[in-house]
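Undergrad: turn this into a structure:
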Amino acid sequence: MTHTQSQSVRQRQRLELNQKVSCDQQLSLRATLLQALHPDGYYHPEGRCPQCEHDLSIKEVLQGFSRDPNDFLTTCPKCKARFAPKMTQRSNASSTELPFYCEVQTIGWLRRIDPIGYDEFKKQYPAVLQSARYYFGTLTNAFSQIGIDYLHEPELKWHEKVKPFLGMLPDSVIAECVGKAASTIRRLRIKEGVEKYAQKSRKQSKSPIVSYKKPPRLYAH
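TA: Model (predicted):
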């Protein structure tokens, strides 16, 4: 391999690493935003392989799904073992686990559930609610994927909670998490004097960083 070829390989590897870190950070930040929006009821997706004990990142869990509505397992990228990932809510005293569904399974569940009141939905279908919240931000957004106007979800008090995330995530991602239009988030960001996500990313890194409108969906394959 020539010196030029070696340089090209190293540059490509650095680019791939930068993009991977950026994507992982964005997924992690999105999860942190959802937790800030729902401090009393947010479950974090996670998966530890029962065979090799590898702790999967969120992206690895999503990539491991087969998108089969009847297959509830993800795949460990290290040893290829298949297992059921969880969503976990932890406190100082205890932790609670729920099944974590892929996007296809979440939509499949919603097709079989009547759009009942929010409190009743939360009580009867907590795993569906948490998976829907992860992929679509709100239950209202999730139901809209199958053409249903869900009118029972309480209004989020989100304005102050999203401010630390302005410019750290694309406006569209924040908008999805709070169930608002991207233009609403853009106006708030401009009012707060915060540069948009892509501009800030370019200043922080010489390598181009991909901005994903709805990252969890892209990495659920």
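
Undergrad: CA atoms for contacts and neighbours, from now on please.
TA: Will do.

Undergrad: if you rank every helix and strand of this protein by mean pLDDT, what lands last?
TA: Least confident helix or strand of the chain, by mean pLDDT, DSSP states H and E, is helix 215-218 with a mean of 35.

Undergrad: how much space between the residue nearest to E195 when sequence neighbours are not counted and C79?
TA: Spatially, and ignoring its direct neighbours in sequence, E195 is nearest to G167 (5.7 Å; C-alpha to C-alpha, 6 or more residues apart in numbering). For G167, the distance to C79 (C-alpha to C-alpha, to the nearest Å) stands at 37 Å.

Undergrad: quick revisit: list phi and psi for the residue nearest to E195.
TA: For G167, the backbone dihedrals (degrees, to the nearest 10) come out as phi 80, psi -20.

Undergrad: now swap in T96 and tell me
TA: Per-residue torsions, T96: phi -130, psi 140 (degrees, to the nearest 10).

Undergrad: next: Y118.
TA: Dihedral angles for Y118 - degrees, to the nearest 10 - are phi -60, psi -50.

Undergrad: quick one: low-confidence parts of the protein?
TA: 1-22, 91-92, 199-221 (pLDDT under 70).

Undergrad: that one: strands as residue ranges?
TA: For the chain, the strands defined by DSSP state E cover 44-48, 55-56, 74-75, 82-83, 86-90, 95-99.

Undergrad: just the residues contacting the fifth one, thanks.
TA: It refers to strand 86-90. 41-47, 95-100, 130 (C-alpha atoms under 8 Å, 6 or more residues apart in numbering).

Undergrad: top of the residues you listed by neighbour count?
TA: F100 (29 neighbours; other C-alpha atoms under 10 Å).

Undergrad: for F136, give me its contacts.
TA: Taking C-alpha under 8 Å, 6+ apart, one finds A142, E176, C177 in contact with F136.

Undergrad: out of those residues, which is most surrounded?
TA: Scoring the contacts of F136 on neighbours with other C-alpha under 10 Å, the highest-scoring entry is A142 at 24 neighbours.

Undergrad: let me know whether it touches Y134 as I believe.
TA: No - counting by C-alpha atoms under 8 Å, A142 stays clear of Y134, with 9.8 Å between them.

Undergrad: anything in contact with each of these two?
TA: Taking C-alpha under 8 Å, 6+ apart as the contact criterion, A142 and Y134 have no common neighbours.
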